[in-house]
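[1] build me a model:
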Amino acid sequence: MTLFPIYPRYPYLKGRLTDVVIGESAKNREAHLRAAGALVVSQEGLAREMAQVGAEAARAADSIEALADRFDWRLAEVMWQMEQQNSALQDILKVLESPLDTQARELKRRAEEAYANGWFDEALQDFLESEKKNPYDFSVHQYLANIYLFRKNDGAKAVEYAEKAAKFAEPKSRYHAAYALLHLARAHSLMGEARKAYDATARAVALSPAFVEAQYQHAIHCAIIGEPDQALEHLDKAFEKNCYYLSKAASDPGFATMGERLQAYIEDMRAEAEAWAQDEIEVARKAIEKAQSCGAGANGTTDLAPAIQQLDNARRNARLGGVLDSCVAAQAAMDAQRLAWHGAIASLTRRINDTEKRIAEIKGTCEAQAKRLGGLGMGCAIYVASVIFCAALSTLAAFLPALRPFSWPLPLVLPIVATFLIRWGALRGNRRHCNREVEPLESSLEQLKAAAREAQQALKSSET
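    This is a model prediction of the structure:
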């Protein structure tokens with residue numbers, strides 16, 4: 001199997017990763033494990049365990065789908081109960097239950113309530129009766145498979161009902177068919193039927209290739225029957241979607257037969273993850289420097305504070321050196337890149353707005369000046385001044401023979417010409433002054449807008 005750099009291969013690292021995907025905090029992980037342990041030993045019912053796990057999941061801001069990625073056989077019953085809240089499953093079950101009468105629907109609801117409360121004998125009887133009334137409801141078969149697998153230790157019955165669940169789910173939901181096949185594989189595995197367990201997970205992968213847990217479970221069964229190449233292929237597909245699976249595989253007894261082969265694979269992934277994290281950290285550093293050159297973070301602004309903090313987080317996690325640490329570092333670095341470009345855009349937007357405001361102020365002043373120069377009052381003032389000046393010239397011309405022929409037209413023509421020329425010159429000067437003030441600002445504005453477009457494009461690329 002050829003190993004390529006992680007960053008082009010693994011799209012899960014190109015979007016924001018939830019706590020469950022990249023490794024929850026130790027506190028939340030411990031809470032989930034405490035809930036799992038209680039589930040194994042307690043017979044007081046599943047409802048309380050569901051409430052505990054649900055509360056922890058809510059505090060971690062995880063969805064049911066995200067929790068399902070952390071599939072654990074100790075939590076299988078709780079997760080199936082939580083799966084009942086899946087809107088897609090609810091829509092399917094509404095269609096399956098629509099032909100039933102009220103009594104039949106109530107029988108299933110009663111069975112589900114008994115199951116949730118841990119009354120498994122009663123739940124078994126009611127689900128068996130419900131099966132008779134609606135034999136094509138795959139959720140009933142899944143409940144029965146769970147009871148026989150986890151509560152009755154009856155592998156043969158678990159196989160029977162898991163097969164039925166997969167069969168009747170497939171036309172409606174390939175995902176739920178694959179989900180049932182994983183339980184089928186579990187039943188075969190507990191019965192010592194390794195090849196049949198392998199076949200079941202192979203069917204699950206074929207039905208729902210995007211179901212990450214199916215890829216992981218098939219990798220386990222490939223390893224168990226002595227197919228290490230296939231095991232690494234499917235483990236790689238699981239890790240491609242969720243790097244949590246690599247740390248899970250490192251301690252999973254299902255991969256015990258692979259020994260050094262698995263360790264070598266993990267080491268290769270660790271080295272590639274480290275290189276990927278360092279690449280993203282360098283890109284983030286350059287993005288922050290570019291944002292600073294755009295004015296972000298200047299004059300006491302906090303545009304870049306979140307980006308710098310995320311970059312520090314990335315560097316701190318990268319120094320830890322583990323695969324998940326590098327994944328976390330890479331994600332933090334990508335967040336830093338996006339935050340840096342957001343900061344640059346915010347800074348550039350402010351500068352653009354300030355520049356446009358300044359240009360508008362200058363143009364407004366110039367327009368007001370032009371309006372004043374071209375107004376009637378200014379024209380009259382210039383004309384009166386011109387008349388007085390021409391009257392003085394006429395008086396002077398009366399005493400100078402050479403100017404005497406012009407003494408009478410000066411008071412008539414010159415004021416008009418002088419008024420026009422003075423106003424034209426003043427307006428022209430006003431325009432030139434305005435242009436001298438505005439042109440550098442407009443040039444700067446174009447540069448700022450170009451930088452903003454570049455930052456927007458960089459942000460878009462970082463979010464792809």
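
[2] would you map the helices across the stretch 351-464 of the chain?
    Secondary structure of the stretch 351-464 of the chain (DSSP state H, counting those that start in this stretch): helices at 376-399, 410-463.

[3] in terms of mean pLDDT, which of these ranks lowest?
    Mean pLDDT values for the helices of the stretch 351-464 of the chain show the minimum at helix 376-399, a mean of 63.

[4] what about the helices in the stretch 201-350 of the chain?
    With DSSP H, counting those that start in this stretch as the criterion, the stretch 201-350 of the chain has helices at 212-224, 228-241, 244-250, 260-293, 305-320, 323-373.

[5] pull out the buried residues from the third one.
    The neighbour-count criterion (16 or more other Cβ atoms under 10 Å) identifies 244-249 as the buried residues of helix 244-250. To be clear about C-beta, it is placed using only N, CA and C from the backbone, and glycine gets the same treatment.

[6] what of stretch 180-195?
    Result for stretch 180-195 [16+ other Cβ under 10 Å]: buried residues 180-189, 193.

[7] so residue 248 is in contact with residue 219, correct?
    No. Using Cβ atoms under 8 Å, residue 248 makes no contact with residue 219, being 10.5 Å away.

[8] give the burial count for residue 460, as a bare number.
    If you count neighbours by other Cβ atoms under 10 Å, residue 460 ends up with 10.

[9] from residue 299, how far off is it?
    Relative to residue 299, residue 460 is positioned 27 Å away (criterion: Cβ to Cβ, to the nearest Å).

[10] again, but for residue 160
    Going from residue 160 to residue 299 by Cβ to Cβ gives 73 Å.

[11] from the buried residues of stretch 180-195, pick the one nearest residue 281.
    Closest to residue 281 out of the buried residues of stretch 180-195 is residue 182 (37.9 Å), distances taken as Cβ to Cβ.

[12] helix, strand, or coil at that closest one?
    Following DSSP: H, G, I helix; E, B strand; the rest coil, we place residue 182 in the helix state.

[13] surely it touches residue 202?
    No. If you go by Cβ under 8 Å, residue 182 and residue 202 don't touch, sitting 11.4 Å apart.

[14] right, and residue 304 touches residue 341 too?
    No. Between residue 304 and residue 341 there is no contact under Cβ under 8 Å: 10.5 Å.

[15] shared neighbours, these two?
    Counting by Cβ atoms under 8 Å, 6 or more residues apart in numbering, the contacts common to residue 304 and residue 341 are residue 291.

[16] those two: who's more crowded?
    A side-by-side neighbour count of residue 304 and residue 341, using other Cβ under 10 Å, places residue 341 first with 27 against 24.

[17] and the gap between that one and residue 360?
    28 Å.

[18] again, but for residue 435
    Computed as Cβ to Cβ, the residue 435 to residue 360 distance reads 15 Å.

[19] and if you look at residue 284?
    From residue 284 to residue 360 the distance is 37 Å (Cβ to Cβ).

[20] these two: which is more packed in?
    Set residue 284 next to residue 360 and count neighbours by other Cβ under 10 Å: residue 284 wins out with 27 against 11.

[21] buried ones in stretch 309-317, by neighbour count?
    Those would be 310-311, 313-315, 317, for stretch 309-317 by 16+ other Cβ under 10 Å.

[22] helix or strand for the closest residue to residue 211 other than its chain neighbours, which one?
    Leaving out its chain neighbours, the residue that sits closest to residue 211 by Cβ to Cβ, 6 or more residues apart in numbering is residue 178, at 5.0 Å. Using DSSP states H and E, residue 178 sits in helix 174-190.

[23] for residue 327, give its distance to residue 277.
    Counting by Cβ to Cβ, the gap from residue 327 to residue 277 is 8 Å.

[24] next one: residue 189
    When residue 189 is compared with residue 277 (using Cβ to Cβ), they lie 36 Å apart.

[25] hmm, residue 155 is touching residue 149, no?
    Yes. Counting by Cβ under 8 Å, residue 155 touches residue 149, with 7.5 Å between them.

[26] report the set of residues contacting both of those two.
    Common contacts of residue 155 and residue 149, defined by Cβ under 8 Å, 6+ apart, comprise 187, 190.

[27] neighbour count: these two, which is higher?
    Shown here are residue 155 and residue 149; by other Cβ under 10 Å, residue 149 has more neighbours (24 against 18).

[28] with adjacent residues omitted, what lies nearest to the more buried one?
    Once flanking residues are discounted, residue 149 sits nearest to residue 158: 3.8 Å by Cβ to Cβ, 6+ apart.

[29] who are the contact partners of that neighbour?
    Taking Cβ under 8 Å, 6+ apart, we find residue 158 in contact with 145, 148-149, 183-184, 186-187.

[30] now swap in residue 271 and tell me
    Going by Cβ under 8 Å, 6+ apart, residue 271 touches no other residue.

[31] what do you get for residue 363?
    Taking Cβ under 8 Å, 6+ apart, we find residue 363 in contact with 434, 438.

[32] for it, report the pLDDT, please.
    Per-residue confidence (pLDDT) for residue 363: 83.
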